[in-house]
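Enquirer: from the sequence below, what's the structure:
(4 chains)
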Protein chains: 2
Amino acid sequence: MNEAERTAPAPQVGLAAVILAATLDDPRVLTVPVAGQPEGRGEGLPAGPLEPAHPTLERGLRAWVERQTGQSLGYVEQLYTFGDRNRRRPDEGPGAAGEGGQHALSVAYLALVREARPAADSAWQSWYRYFPYEDRRAGRPAALDAIGDRLDAWAEAAPDPEERRRRSDRIGLTFGAAGSGWNEERVLERYELLFEAGLVPEAGAEGEDIRGLTGQPMALDHRRMLATALSRLRGKIKYRPVVFELMPPAFTLGQLQRVVEALSGTLLHKQNFRRLVAQQGLVEETEAVTAETGGRPARLMRFRREVLLERPAPGLRLPSSRMG
Amino acid sequence: MNEAERTAPAPQVGLAAVILAATLDDPRVLTVPVAGQPEGRGEGLPAGPLEPAHPTLERGLRAWVERQTGQSLGYVEQLYTFGDRNRRRPDEGPGAAGEGGQHALSVAYLALVREARPAADSAWQSWYRYFPYEDRRAGRPAALDAIGDRLDAWAEAAPDPEERRRRSDRIGLTFGAAGSGWNEERVLERYELLFEAGLVPEAGAEGEDIRGLTGQPMALDHRRMLATALSRLRGKIKYRPVVFELMPPAFTLGQLQRVVEALSGTLLHKQNFRRLVAQQGLVEETEAVTAETGGRPARLMRFRREVLLERPAPGLRLPSSRMG
DNA sequence: CGGGTAAATACTCATTTTGAGCATAAATCG
DNA sequence: CGATTTATGCTCAAAATGAGTATTTACCCG
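Expert: Alright, predicted model coming up:
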């Protein structure tokens, strides 16, 4: 049920799904167990080969997901197509698939769902389990210091000065150096950098401590797919009202903000956030209020679907960071 | 040399390239002749099957392009993976590949190049040849009236009122109805709509006049790939400095603006455009000036590559429209 | 060789859009 | 009741935008 078998004489085409949901404080990803993986890398994404019976790629994907997790998908978009040889471990060399051997492709999809009822073997996991350093809601994660040190060491170890400079520029660019700050969209670039620097188990890193730093690995190249999905979602949220795919039909502005913060991994200025949402016309009030939020009861809102027909590119332009 | 042969028992994986360049007033796409196509649809994109000898998808693509056109590629990014069954003509039904038959996938890439020396059989064509209604630099194209009429007729012809409303909402959304204006990024959505409405030869439309309205068709689903590329490029130009991949090493701000206008299909306010470029720190002056622009000589500028390391998301946020 | 034309470039100005706070309201908890 | 917590309303300065006006410096033309 995964793309591990890569020996057939024709290109193997696999389908994989990054299925995301969000509770108030945790963005979630749906995982399934993957057999035959190295120790500690048994978590993976729902996936399966493209079969002749599948009418389209997307329909094939939905079928696999439903079969493996029982989850039916609403919003789905294609993410990226990964070729296996891109993602060979440095120490593996040409390896199993061999030079001139067969290709294996994975077409990865992003899906956003509301309900999070795990079924069969599947389980919802916080995605910060896989990218702990991406969550800055409680401030800059301490692990970033250690990561920075290791990355710097990697840069220093470059064969020539030219390459050294390239590496440290790249570190600055992706992890935010002096001057330029943290860009929450660069999830994939950060993961790729860690991979190239050999700081993730997928790239051969050993030791338990590495998981504390760079997060839990996944089967095959699934963590890379997840990173791709987070980059896409964190970017898209700004110019398309996709968050609402993750929200219940009625919600408070506070809850909406919590979810956006959970996705982006940063905190937002509350008053400005609600001003933005309001003036964008993204939501409308319902008559109901809820007292479940702790303090003063909040008005329940609903997504205004009409906005899709009105504004050119409605999204949540994440009003500044910091501040509760 | 194209993905026409779709009978093998394993998924056929093809690679296709949308290679774009820009002269001052024309954005260009590199085309090659494709054999065995219906009358008038012999133009296509460089493409070829993924072969075992290709180390990665992207390298395979570069090899095909070089072989077919002699063009070597610089900037390349993956665009989208198309499954063939998505794109079956309504009148064809299950057709050749057959229910339960084999899939054919095409992984399409976008490439941006500077020089435009056509080689072998290839030819550079203005992309507005394929999407004439996308060029608004000389004002709203007159053809849009006729297109609008035909689309409205299609909406009217919907089987039920529900569907009719959906269709006309969609027309308004993509082609710009009252209220919401034209969004230059929706190239793909517009093409898809024309396809579904049967207003392009690829969807079975007959008659010479249709080309005057909706543009020249291409082989297979290549026009769809081109539309995908334009959507991507028109969007990306706003938040990444990709235009410079199309510019010579030194250029004037006027030339830069002409290219951006050519890509986006709209005119920009000159003074604001240069203010934007300047304050974004995207370019720096060279010592040279050129008198080749007509009036007062202009300073030659060059792209500041360092900006990639500084600003989070530098791009050209297209300062307003209208106005020379 | 002086006037007309075409760009390029420099500034101005009113509006909007941001980023940051302050202040008040309405619940719950001890 | 007073402290705490979240929701909501409003203000204000700084920065970004949209739309012009004005000036400079070529070339072209007779």
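Enquirer: chain center to the one helix or strand A:Ala278 maps to, what's the gap?
Expert: Taking DSSP states H and E as the definition, A:Ala278 sits inside helix A:270-279. Offset of helix A:270-279 from its chain centre (Cα atoms, centre = their mean, to the nearest Å): 25 Å.
Enquirer: got it, and stretch A:294-307?
Expert: Counting by Cα atoms, centre = their mean, stretch A:294-307 comes out at 26 Å from the chain centroid.
Enquirer: what's the burial count for whichever residue of the stretch 51-200 of chain A sits closest to DNA strand D?
Expert: Residue nearest to DNA strand D within the stretch 51-200 of chain A: A:Arg137 (13.7 Å; Cβ to the nearest atom of the strand). (Glycine included, C-beta is placed from N, CA and C.) A:Arg137: 15 surrounding residues under other Cβ atoms under 10 Å in any protein chain shown.
Enquirer: what's the helix or strand for it?
Expert: Judged by DSSP H and E, A:Arg137 forms part of no helix or strand.
Enquirer: what pLDDT, on average, does stretch A:42-56 get?
Expert: For stretch A:42-56, the mean per-residue pLDDT is 93.
Enquirer: quick check: A:Glu281 touching A:Val307?
Expert: For residue A:281 the amino acid is Gly, not Glu. Yes: here A:Gly281 reaches A:Val307: they are 5.3 Å apart, a contact under Cβ atoms under 8 Å.
Enquirer: what's the strand or helix carrying A:Trp124 packed up against?
Expert: Assigned by DSSP H and E, A:Trp124 falls within strand A:123-126. When contacts are defined as 3 or more Cβ pairs under 8 Å, 6 or more residues apart in numbering or on different chains; DSSP states H and E, strand A:123-126 packs onto strand A:27-33.
Enquirer: more crowded one of A:Gly281 and A:Val307?
Expert: A:Val307 (16 against 13).
Enquirer: residues contacting that one?
Expert: A:241, A:280-282, A:314 (Cβ atoms under 8 Å, 6 or more residues apart in numbering or on different chains).
Enquirer: pLDDT score for it?
Expert: Confidence score, pLDDT, at A:Val307: 86.
Enquirer: farthest pair within the contacts of A:Val307?
Expert: Greatest spatial distance in these: A:Pro241 and A:Gly281, 10.3 Å, computed using Cβ to Cβ.
Enquirer: all helices of the stretch 1-150 of chain A, in order?
Expert: For the stretch 1-150 of chain A, the helices defined by DSSP state H, counting those that start in this stretch cover A:57-69, A:143-156.
Enquirer: could you tell me the angle between the first one and strand A:27-33?
Expert: Per axes from the mean of the first three to the mean of the last three Cα atoms, to 10 degrees, the angle that helix A:57-69 makes with strand A:27-33 is 70 degrees.
Enquirer: just the CA trace of helix A:57-69, in PDB.
Expert: C-alpha atoms of helix A:57-69 as PDB (Å, rounded to 0.1, in the frame of the first residue of the first chain):
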ATOM      1  CA  LEU A  57      -5.500  10.900 -10.600                       C
ATOM      2  CA  GLU A  58      -7.600  12.700  -8.100                       C
ATOM      3  CA  ARG A  59     -10.300  10.000  -8.000                       C
ATOM      4  CA  GLY A  60      -7.700   7.400  -7.500                       C
ATOM      5  CA  LEU A  61      -6.400   9.300  -4.600                       C
ATOM      6  CA  ARG A  62      -9.800   9.600  -3.000                       C
ATOM      7  CA  ALA A  63     -10.300   5.900  -3.400                       C
ATOM      8  CA  TRP A  64      -7.000   5.100  -1.700                       C
ATOM      9  CA  VAL A  65      -7.600   7.400   1.100                       C
ATOM     10  CA  GLU A  66     -11.100   6.100   1.700                       C
ATOM     11  CA  ARG A  67      -9.800   2.600   1.700                       C
ATOM     12  CA  GLN A  68      -6.900   3.200   4.000                       C
ATOM     13  CA  THR A  69      -8.500   5.600   6.500                       C
END
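Enquirer: list the buried residues for it?
Expert: For helix A:57-69, the neighbour count (16 or more other Cβ atoms under 10 Å in any protein chain shown) marks A:57-58, A:60-65, A:68-69 as buried.
Enquirer: what separates the residue of the stretch 51-200 of chain A closest to DNA strand D from A:Gly42, distance-wise?
Expert: 28 Å (Cβ to Cβ, to the nearest Å).
Enquirer: contact partners for the residue nearest to A:Ala63 when sequence neighbours are not counted?
Expert: Nearest residue to A:Ala63 in three dimensions, chain neighbours excluded: A:His54, at 6.5 Å (Cβ to Cβ, 6 or more residues apart in numbering or on different chains). Going by Cβ under 8 Å, 6+ apart, A:His54 touches A:60, A:63, B:103.
Enquirer: now the residue positioned nearest the centre of chain A: closest residue in space that isn't a chain neighbour?
Expert: For chain A, A:Leu230 is the residue whose C-alpha lies nearest the centre (Cα atoms, centre = their mean; 2.8 Å). Nearest residue to A:Leu230, sequence neighbours excluded (Cβ to Cβ, 6+ apart): A:Val187, at 4.2 Å.
Enquirer: and for that neighbour, the neighbour number?
Expert: Neighbour tally, A:Val187, other Cβ under 10 Å: 25.
Enquirer: one more: A:Ala142?
Expert: Using other Cβ under 10 Å, A:Ala142 is surrounded by 10 other residues.
Enquirer: can you tell me which residues contact it?
Expert: Applying Cβ under 8 Å, 6+ apart to A:Ala142 gives no contacts.
Enquirer: does the closest residue to DNA strand C within the stretch 51-200 of chain A count as helix, strand or coil?
Expert: The nearest approach of the stretch 51-200 of chain A to DNA strand C comes at A:Gly181, 11.1 Å away (Cβ to the nearest atom of the strand). Three-state assignment for A:Gly181 (DSSP: H, G, I helix; E, B strand; the rest coil): coil.
Enquirer: check it and give its pLDDT.
Expert: What the model reports as pLDDT for A:Gly181 is 79.
Enquirer: residues near it, how many?
Expert: Residues near A:Gly181, counting by other Cβ under 10 Å: 10.
Enquirer: next: A:Lys238.
Expert: 16.
Enquirer: where does chain A dip in pLDDT?
Expert: For chain A, the stretches flagged by pLDDT under 70 are A:1-10, A:85-102, A:116, A:178-180, A:311-314, A:317-324.
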